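Student: Fold the following and give me the result.
(one chain, ligands or ions: 1)
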Amino acid sequence: MKLTGKMLVLGLVMIGGIAYAASATDPDAKARQELMDANGAAAKTLAGMASGKVAFDAAAAAAAKQSLVDDAAKIPVVFKNQSTDPASKAKPDIWTSWDDFAGKAKDLGTTAAAMDTSSADGIKAGLGAIGGACSACHTAYKAS
Ligand code: HEC
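Tutor: Numbering: from 1, shown residues only. Predicted coordinates:
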């Protein structure tokens with residue numbers, strides 16, 4: 001896929017817009033927010049390199065990619081128990097549409113695994129699809 005400048009900007013805005021902490025206290029809700037914060041940190045690292053704000057670092061890029069791949073696999077594990085923490089933004093639909101939710105987690109793993117982190121251009125080319133996988137799930141399953 002060829003990524004246009006406009007799409008990249010869109011992806012960066014999207015990633016920036018969701019990087020905040022809701023601070024749940026329930027252990028299940030806390031664990032999933034922490035996992036998502038790690039997703040946010042990894043995406044931020046990659047977005048910084050793609051935009052040139054952060055110097056390209058092949059090892060750091062590969063680590064951020066691996067973190068997204070690992071976190072995607074953990075999503076169905078940390079979201080298993082529904083919790084009613086008022087600080088949680090997780091919609092109840094997650095547990096009534098579990099297969100779809102787990103499929104969206106898998107999509108993130110697949111798009112992250114496909115990203116070429118050997119250059120800033122490779123990251124740039126892969127970031128739009130990753131941002132799309134984040135927002136596809138947030139749109140359906142995360143309260144704003
Ligand atoms: C399969 C669904 C799914 C995918 C994929 C997903 N998220 Fe989330 N994310 C959620 C849900 C649900 C919440 C709300 C969790 C809560 O508050 O209990 C959330 C919350 C967050 C939060 C707020 C965490 C906090 O401390 O409150 C951030 C940041 C975040 N996601 C970043 C990302 C990024 C970046 C990606 C992609 C790299 C991503 N997410 C992919 C479902 C997903």
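
Student: Not counting its neighbours along the chain, what's nearest Pro92?
Tutor: Closest residue to Pro92 in three dimensions, ignoring its sequence neighbours and counting by C-beta to C-beta, 6 or more residues apart in numbering: Gln82, at 7.1 Å. Glycine gets a C-beta too; all of them are placed from N, C-alpha and C.

Student: what's the answer for Ala129, then?
Tutor: Counting by C-beta to C-beta, 6+ apart, the nearest residue to Ala129 once its immediate chain neighbours are dropped is Thr111, at 4.4 Å.

Student: Would you agree the one you found is in contact with Gly126?
Tutor: Yes - at 7.2 Å, Thr111 counts as touching Gly126 under the criterion of C-beta atoms under 8 Å.

Student: what residues do the two have in common as contacts?
Tutor: Listed as contacting both Thr111 and Gly126 by C-beta atoms under 8 Å, 6 or more residues apart in numbering is no residue at all.

Student: Tell me the residues on this protein that lie near the ligand, please.
Tutor: For the chain, the residues in contact with the ligand (C-beta under 6 Å from any ligand atom) are 15, 18-19, 21-22, 24, 29, 32-33, 36-37, 39-40, 43, 68, 75, 88-90, 101, 104-105, 108, 130, 133-134, 137-138, 141-142.

Student: And those, which of them are buried?
Tutor: Neighbour counting by 16 or more other C-beta atoms under 10 Å classes 15, 18, 22, 24, 29, 32-33, 36, 39-40, 43, 68, 75, 88-90, 101, 104-105, 108, 130, 133-134, 137-138, 141-142 among the residues of the chain next to the ligand as buried.

Student: Residue ranges in the protein under the pLDDT threshold?
Tutor: 1-22 (pLDDT under 70).

Student: Run through the helices of it in chain order.
Tutor: Listed in chain order, the helices of the chain (DSSP state H) span residues 5-17, 27-51, 58-78, 93-96, 98-114, 120-141.
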